[in-house]
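[1] sequence and predicted structure are below.
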Amino acid sequence: MKKSQKVKIFVTGSDTNVGKTYVANSLIQFIISQGFSITPFKPIETGCKRFNNQLIPNDSNRFFKSIKQKIALDKINPYRFFHPLSPNKAIKLAKKRIFLENYLNKLHKLPKNDVLLIEGAGGLFSPIALDGLNVDLIKRIQAKTILVVEDKLGAINSALLNIECCKNKKINLVGIILNRKVKEIPKGMDNMKEIRSYSDIPIFQTYNCTIRSNRKVFAKLFDLIFS
């Protein structure tokens, strides 16, 4: 039976370029496939391309296409910048003033659907506005949080540091995605098993889609989010 409660999900990462957008977009597509309506929100995106005097965001545009353009791109992604820098630095270089409250104001004007999915910018402790980090925005939104960690050497430390941060900041971390982007890994490496030995937060393994399908993983994550 279709669940009717409103659900807020925030997808964050242990770092930049770990696979947040892949995970967020795959989750958007799976949620839609289950008959739910969803509103994606990427408050700020840097490293956008210029086209006809406009900045076109790559990540947010993927969300826009996944929802069949039912919500305007400017609502999905209200703030965008050309320079591929941290949002805080890009804002300053553009001589703009963007605060957490600006994001919240934009969020409140979005269509009210079954699910609201927000993707942050950079890692959990990356500055996303002039007055706050991704973790501060998560606290203001009070969303269920999914942490994406790249499956590579160093993943155990990155995951455990972020788990501890979420505990200290009282963030509702509901799941961890260990995202493998390459086919070859060091012999004997098993980050998933080791992270599980230190934490009871549910953890799931995803792979580059050219390596293996991840649909079953997103089905499990979907059930966890709605539990």
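    Thanks, I have it.

[2] show residues contacting stretch 82-97.
    By C-beta atoms under 8 Å, 6 or more residues apart in numbering, the surrounding residues in contact with stretch 82-97 are 44, 46-48, 50, 55, 79, 81, 98, 121-122, 126-130. Where you see a C-beta, it was placed from the backbone N, CA and C, and this is true even at glycine.

[3] in it, what counts as buried?
    Residues of stretch 82-97 classed as buried under the neighbour-count rule (16 or more other C-beta atoms under 10 Å) are 86, 87, 88, 90, 91.

[4] next: stretch 43-58.
    Buried residues in stretch 43-58, counting neighbours by 16+ other C-beta under 10 Å, are found at 43, 44, 45, 46, 47, 48, 55, 57.

[5] next: stretch 106-120.
    Along stretch 106-120, the positions that meet the burial threshold by neighbour count (16+ other C-beta under 10 Å) are 106, 107, 110, 113, 114, 115, 116, 117, 118, 119, 120.

[6] tally of neighbours for the closest residue to residue 199 other than its chain neighbours?
    Once flanking residues are discounted, residue 199 sits nearest to residue 163: 5.3 Å by C-beta to C-beta, 6 or more residues apart in numbering. Other residues within reach of residue 163 by the criterion other C-beta atoms under 10 Å amount to 22.

[7] ok, residue 163 touching residue 201?
    Yes. The pair formed by residue 163 and residue 201 meets the contact definition of C-beta atoms under 8 Å, at 6.1 Å.

[8] anything in contact with each of those two?
    173, 176.

[9] and the buried residues of stretch 43-58, which is closest to residue 172?
    Distance ranking of the buried residues of stretch 43-58 against residue 172, using C-beta to C-beta, places residue 43 first at 19.1 Å.

[10] who touches that closest one in this structure?
    By C-beta under 8 Å, 6+ apart, the residues touching residue 43 are 77, 78, 79, 103, 106, 107, 118, 121, 128, 137.

[11] mind telling me what element the fourth one is part of?
    Assigning secondary structure by DSSP states H and E places residue 103 in helix 100-108.

[12] quick one: contacts of that helix?
    Where contact means C-beta under 8 Å, 6+ apart, the residues beyond helix 100-108 that reach it are 41, 43-44, 75, 78-79, 116, 118, 128-129, 131-132, 136-137, 140-141.
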